[in-house]
Each structure stands twice: as structure tokens, then as C-alpha cells.
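> Provide a 3D model corresponding to the input given below.
(one chain, ligands or ions: 3)
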Amino acid sequence: MRRGSLADVKESVEAIIEDVRTNGDAALFALTEKFDKQKLSSLQISPEAIDAAYDEVDPALVQALIEAEARITRFHELQMDKSLWLEETEPGITLGVKTTPLDRVGAYIPGGRAAYPSTVLMTTVAARVAGVPEIVLFTPPPVNPLTLVALDIAGVTEAYSVGGAQAIAALALGTETIRPVQKIVGPGNVFVTQAKMLLRESAEIDFPAGPSEIGVLADESANPAFIAADILAQAEHDPNAACVLVTTSERIALDVGAEIERQIRSAPRREIMEKALAHSGYVIAGDLDEAIDLMNEIAPEHLSIQTADPLTTLGKIRHAGSIFIGPYTPVACGDYASGTNHVLPTAGYAKSYSALDVHHFMKRSQVQMVTKEGLGMIGDVVEILAEAEGLAAHAASVTIRRS
Ligand SMILES: NC(=O)c1ccc[n+]([C@@H]2O[C@H](COP(=O)([O-])OP(=O)(O)OC[C@H]3O[C@@H](n4cnc5c(N)ncnc54)[C@H](O)[C@@H]3O)[C@@H](O)[C@H]2O)c1
Ligand SMILES: N[C@H](CO)Cc1c[nH]c[nH+]1
Ligand SMILES: [Zn+2]
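Numbers count the residues shown, from 1 in each chain. Ligands and ions are numbered 1, 2, ... in the order given. Now for the predicted structure:
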């Protein structure tokens, strides 16, 4: 995603936000009719609709979702910190951290150009494992039955069939029937991403997670057909998707180009891919270190490392949302089922944000407990620093306990 493309839609997104702020539910009905061409009878998805969805879905797909959910759960459980740790750092001074889940979060699930039941799992499982009691999901109508099954498997507590910037506005500001959330996570197109950025004063967000991207770092040892397949996989998401190959080998660059031409011919989403490829490209670097420096500058959402010694290359990577190592790790594994999260920062934001994980759904309170003995140890330091700052009452709050 070009950061500029967010600016292109800023005015129209501001108008949508103001409409939802002023007109609440009525705006959600009207905007859904305008942008999604759907006349809703209800904003909320009913438990009956979720039950009915199971009848429309192939049991093999339900099984696949269950398996993916188990792997995603396992990986996210591994990320959990202790809910409380306390350590006596000096005699009489005990310090620690208490971790608490957020109370109510919103997950946006894209649904414009493709349905994303996998994103339901990614956002909800991370929140559920973190211990969030209320997980509110928004996705544009018509909602795919597999998305409904996924939200049931994942443990969503409330779901609405509203998409786009209006969904983000409803989550952040609330309406007559929708209570606002503390934090909004999940990917989306430029309208969704711009709305998240504009509404941060009302609800915190995860990070900008816009149109998909892939960066591939390859040397002479790489397999051009595999690289081309990974590039096309991300290109099929969105005309604004972006793909870049940085390689030390001109032959690899040319072979990947030829493979893309060959593989794209039979691709069902060829039209979207071609638009994405029109602003994608390759760079031939003088050596691997130069290639790595450039990739760190790009900070891609997904980074595929296709070099002879990928773990050494990995050690030099500083900025990437999620990293895929070696010829048998297609990015699609992380998109669906390895267990890592596919909600990732795009547009270079991987320089400052991390992939979605349990920590996005928790906050940490720092804890201290000082005894009389401990106060004797640090009291002088507190008193002298407080006096130096001209904050006599601070100093007095220590002194009164020592006398
Ligand atoms: N970075 C990540 O972690 C990640 C993960 C999955 C998907 N994605 C990306 O999510 C995006 C999904 O986009 P999508 O379009 O398929 O679905 P989406 O749900 O994000 O957007 C659809 C909504 O956009 C709104 N919209 C469309 N045209 C509009 C207009 N002209 N004005 C105002 N609103 C308008 C509509 O309300 C519609 O409901 C893709 O770019 C995909 O690459 C990113
Ligand atoms: N590659 C997307 C993140 O950019 C995630 C996804 C969902 N489904 C398939 N792929
Ligand atoms: Zn994908």
C-alpha cells in the first residue's frame, strides 16, 4: 500500500465517519446500501444465521478451519506472559508486572474482493487466548457462510454485517445499538485503514494493515517457479497489492519474470494480479548484504528468504512483518494454517509495528511493594530528586513515613 493512497480517500472517509457519528444505525443501513448494494433488515448477525451456515458449508472445510484454529491457538498460547510476576529486586523492594486483557475489542474482517474466514481465526483467536471477554466482529455483507462458521469456531461474542469505513466508525464511536470497543484490529482496504487511522482518539488500533505485500530475497540458489507462485499469491489479493523481488542474480530475476508470465495465464484472479504487478518489480543488488539493506528499507509485510544460507540472512533482517524461510515455506502457510498470524503491518509500517499477537489485546500494569526497610534504602534518593524538581509534597510523602 502506498501511504499516499490513504491520503487519496481521506476526505470521503471523513464524511463517512461524520455520517455515522451523527446518524448512527441509520447511517450504517444507508452506507451499506450505497457501498455494498445490500438492504439489511438487521445490522447484527443472528445465532440462527450462524447455525444455518453450517448446513451450507462442506464438512471438509469446517474440519480445515478447526485444524487451522488449533494451530493458531497453540502458537498464540506460547506467547502468553505470566498474568502476574513479582520479584524482590533489593531487600524490601519488590517489583513486578500484572497483565490484564482488554474488556472489549473489535475485529474487522475484510469481505470486498474476497471472503476472509481465515482472518476471523487470526484476529479472534489472538484476542480469545489473551483473555478478552467481548470480541465484536464486523464484516461486509453478504457474509460468506464459511465466515459465519469461522466466527463460531473462533469464539466471537457479537457480529455485525457492516463493512468499510462505516464499520470502523461504528466500532470506535458506537451507535444506538452498538457499544464502542477499546481497540480495533484487523486488515482492510484503504477506506478501512484510513478510518482506523482517523479514529485513533476514540479507539486504539493495532496498526495499518492494508493491501497485501510480499518481498522476496533471493540468491542464485532460489527456485524461480516457487518465487513466482508466492508473488502471484499475494498479488491476487488486491490491485493495490505490492510485490518486490530483490536478488543478487540476474538469471533468477529473468526466470521469475518468465515464470510469472507462465503461471498467470491460468490464474482465476489474473486481472487483479496484473494491476498489482504493474506497480511491483525487481531489483538486482550487487551482493547479498546490499540486497538485505534494501529489503530492510522496504520493510515488507511478508518476507520470503530464498538464499543458500537463509538463517544467516535471517539474522541480518531488521524489518518485516512475517518471515518465511526456505523453499518449502510458502507465504500461504502463514496466511492460513502454520499458526502464525497473518494480520501484519503494511506500507513500511513493519519498521515500527509487530505482527498481531496476544500482546495487542493486553495491557500491563507495573507493580511495586516497598517495606519500611526498603524505604530506608531509596528514601534519600526520592527526597533529594523531589526537592530538586520543586515538588516538596512528593518528598514529604516519603519523609512522613520515615520519621
Ligand atoms: N495486511 C494484512 O494483514 C491483510 C490481511 C488480509 C487481507 N488484507 C488486505 O485486505 C484488503 C481487503 O480489501 P477488500 O476491498 O477485499 O475488503 P474490505 O472489507 O476491506 O473493503 C470492502 C468495503 O470497502 C468499502 N468501499 C468500497 N469502495 C468504497 C468507496 N468507493 N468509498 C467508500 N467505501 C468503499 C465498502 O464499504 C466495502 O464494504 C485487501 O487489500 C487485502 O490485501 C490485508
Ligand atoms: N496474505 C494476507 C495478508 O496480507 C492474508 C490472507 C488471508 N487469506 C489469504 N491470505
Ligand atoms: Zn494471502
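
> Every contact and neighbour count from this point should use C-alpha atoms.
Will do.

> Return the set of buried residues in stretch 212-230.
The neighbour-count check on stretch 212-230 (16 or more other CA atoms under 10 Å) flags 212-220, 222-230 as buried.

> pLDDT (mean, whole number) over it?
On average, the pLDDT along stretch 212-230 is 98.

> Can you give the distance of stretch 348-362 from its chain's centre?
7 Å (CA atoms, centre = their mean, to the nearest Å).

> so what's the residue nearest to residue 160 when sequence neighbours are not counted up against?
Distance criterion CA to CA, 6 or more residues apart in numbering; nearest residue to residue 160, sequence neighbours excluded, is residue 44 at 4.2 Å. Contacts for residue 44 were tallied using CA atoms under 8 Å, 6 or more residues apart in numbering; they are 158, 159, 160, 161.

> Which of those residues are buried, as a ChimeraX select command?
Selection of buried members from the contacts of residue 44 for ChimeraX, criterion 16+ other CA under 10 Å:
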select :158,159,160,161
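
> so of the contacts of residue 44, which ones are in strands?
Taking DSSP state E, the ones among those that sit in strands are 158, 159, 160.

> Which pLDDT does the model give the last one?
Model confidence at residue 160, given as pLDDT, is 98.

> before we move on, what about the one 4 residues further on?
Model confidence at residue 164, given as pLDDT, is 97.

> can I assume residue 243 sits in a helix?
No. Counting by DSSP: H, G, I helix; E, B strand; the rest coil, residue 243 falls outside a helix, being strand.

> do you know how far it is from ligand 1?
The gap separating residue 243 from ligand 1 is 12 Å, by CA to the nearest ligand atom, to the nearest Å.

> if I pick that residue, what's in contact with it?
Listed by CA under 8 Å, 6+ apart, the contact set of residue 243 reads 213, 214, 215, 231, 234, 235, 276, 277, 280, 281.

> go on, residue 93?
368, 369, 370, 371, 374, 375.

> likewise residue 221?
306, 307, 308.

> which one of the residues you listed sits closest to ligand 1?
For the contacts of residue 221, the closest approach to ligand 1 (CA to the nearest ligand atom) belongs to residue 306, at 21.8 Å.

> Backbone dihedrals for the closest one, both of them.
When quoted as degrees, to the nearest 10, the phi and psi of residue 306 stand at phi -120, psi 70.

> Would you agree it is in contact with residue 216?
Yes. Counting by CA atoms under 8 Å, residue 216 is a contact partner of residue 306 at 7.1 Å.

> how about the strands in the protein?
Under DSSP E, the chain gives strands at 84-90, 93-101, 104-108, 134-138, 158-160, 183-185, 204-205, 213-218, 242-247, 281-284, 302-306, 322-325, 362-370.

> Nearest to residue 270, out of those?
strand 242-247 (14.6 Å; CA to CA).

> which residues does residue 231 contact?
For residue 231, the contacting residues are 214, 243, by CA under 8 Å, 6+ apart.

> near ligand 2, from the contacts of residue 243?
Among those, proximity to ligand 2 is found for residue 234 (CA under 6 Å from any ligand atom).

> what would the contacts of residue 243 look like in JSON lines with distance to residue 259?
Output for these, formatted as JSON lines (distance: CA to CA, whole Å):
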{"residue": "213", "distance to residue 259": "19"}
{"residue": "214", "distance to residue 259": "17"}
{"residue": "215", "distance to residue 259": "17"}
{"residue": "231", "distance to residue 259": "10"}
{"residue": "234", "distance to residue 259": "15"}
{"residue": "235", "distance to residue 259": "14"}
{"residue": "276", "distance to residue 259": "16"}
{"residue": "277", "distance to residue 259": "13"}
{"residue": "280", "distance to residue 259": "15"}
{"residue": "281", "distance to residue 259": "14"}
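
> In terms of distance to residue 23, which of the ones in strands among the contacts of residue 44 ranks first?
For the ones in strands among the contacts of residue 44, the nearest to residue 23 is residue 160 (17.3 Å; CA to CA).

> Against residue 191, how distant is the closest one?
Residue 160 sits at a distance of 18 Å from residue 191 (criterion: CA to CA, to the nearest Å).

> Report the contact partners of the residue in the stretch 251-400 of the chain that ligand 1 sits nearest to.
Distances between the stretch 251-400 of the chain and ligand 1 by CA to the nearest ligand atom are smallest at residue 343, namely 3.2 Å. Neighbouring residues of residue 343 by CA under 8 Å, 6+ apart: 119, 122, 123, 186, 187, 209, 355, 356.

> Spit out the contact partners of residue 9.
Contacts of residue 9 by CA under 8 Å, 6+ apart are 190, 191, 194.

> okay, residue 402: pLDDT?
pLDDT, residue 402: 94.

> Quick check: it touching residue 376?
Yes. Contact status for residue 402 versus residue 376: in contact at 7.3 Å, counting by CA under 8 Å.

> higher neighbour count, the two?
Neighbours were counted for residue 402 and for residue 376 using other CA atoms under 10 Å; residue 376 has more, 15 against 12.

> hang on, isn't the more buried one packed against residue 399?
No. Taking CA under 8 Å as the definition, residue 376 is not a contact partner of residue 399, at 10.0 Å.

> confidence score at the residue positioned nearest the centre of the chain?
In the chain, the C-alpha nearest the mean C-alpha coordinate belongs to residue 343, at 3.1 Å (CA atoms, centre = their mean). Residue 343 is assigned 98 on the pLDDT scale.

> sorry, back to before: adding neighbour count, distance to ligand 1 and pLDDT, write the contacts of residue 9 out as TSV.
Converted to TSV, the contacts of residue 9 look like this (neighbours: other CA atoms under 10 Å; distance: CA to the nearest ligand atom, whole Å; pLDDT from 0 to 100):
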residue	neighbour count	distance to ligand 1	pLDDT
190	26	7	89
191	24	6	95
194	27	10	95
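
> Out of these, which comes closest to ligand 2?
residue 190 (13.2 Å).

> Was I right to think that closest one contacts residue 7?
No. Counting by CA under 8 Å, residue 190 sits too far from residue 7 to count as a contact (9.1 Å).
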